[in-house]
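[1] output the structure for:
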Amino acid sequence: MPQTRTETPPGGTAAPDARVLTEAVTRLRRALRASIRTDYPWETLPMAQVELLQVLAGHSPARVSDLATRQRLAASTVSGLVGQMVTAGLVTREVDPADRRASVVTLTEAGRAQLTSWAQAHERRLDTALDALNEADRTAVRAALPALLRIAEHLDGDEAGA
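    I've put the predicted structure just below:
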């Protein structure tokens, strides 16, 4: 079992909550990314595309500029990602009927199916990891989820106003 390094950093003082949370989130993301590629080799979607599919699942159709704002990316970056996703059949891009100078992106059924498969694969990996924990740890994780979601909402609000 990997060692948890949340007790004392090299300087010898207790680690602040933000540092421990940063380490935990970083390690979880890295572990999920690595395990999904190992256990589900069919899964090849880059995270940037997954995140766009997630946004489109709740806000489709959407303008490229709106997607860029939501993802805090340059419009040219989102446009390039959308182009790759159009080629893969995950989304469509059409002229915005409200403004013919702009385009709107819509999630396709294939895109929705891909996103569902991605989410289910991650949920299976996390279910397995959670099952490996003792009941006290599972209870602690469950209890922390609402606060973690509030942190994410707070950070989204801070960055949206920046």
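
[2] which SS class is Ala144?
    Secondary structure, DSSP: H, G, I helix; E, B strand; the rest coil: Ala144 is helix.

[3] actually, Ser103.
    Classification of Ser103 using three-state DSSP returns strand.

[4] so it makes contact with Val91?
    No. If you go by C-beta atoms under 8 Å, Ser103 and Val91 don't touch, sitting 10.9 Å apart. C-beta coordinates here come from the backbone N, C-alpha and C atoms, glycine included.

[5] tell me which of those two has more neighbours.
    Val91 (26 against 17; other C-beta atoms under 10 Å).

[6] how about the more buried one, what does it touch?
    52-53, 56, 82, 85, 105-108, 111 (C-beta atoms under 8 Å, 6 or more residues apart in numbering).

[7] of those residues, closest to Ala144?
    Leu53 (26.5 Å; C-beta to C-beta).

[8] ok, now which ones touch the closest one?
    45, 85, 90-91, 107, 111-112, 114-115, 118.

[9] burial measure for Val20, as a count.
    Val20: 16 neighbours (other C-beta under 10 Å).
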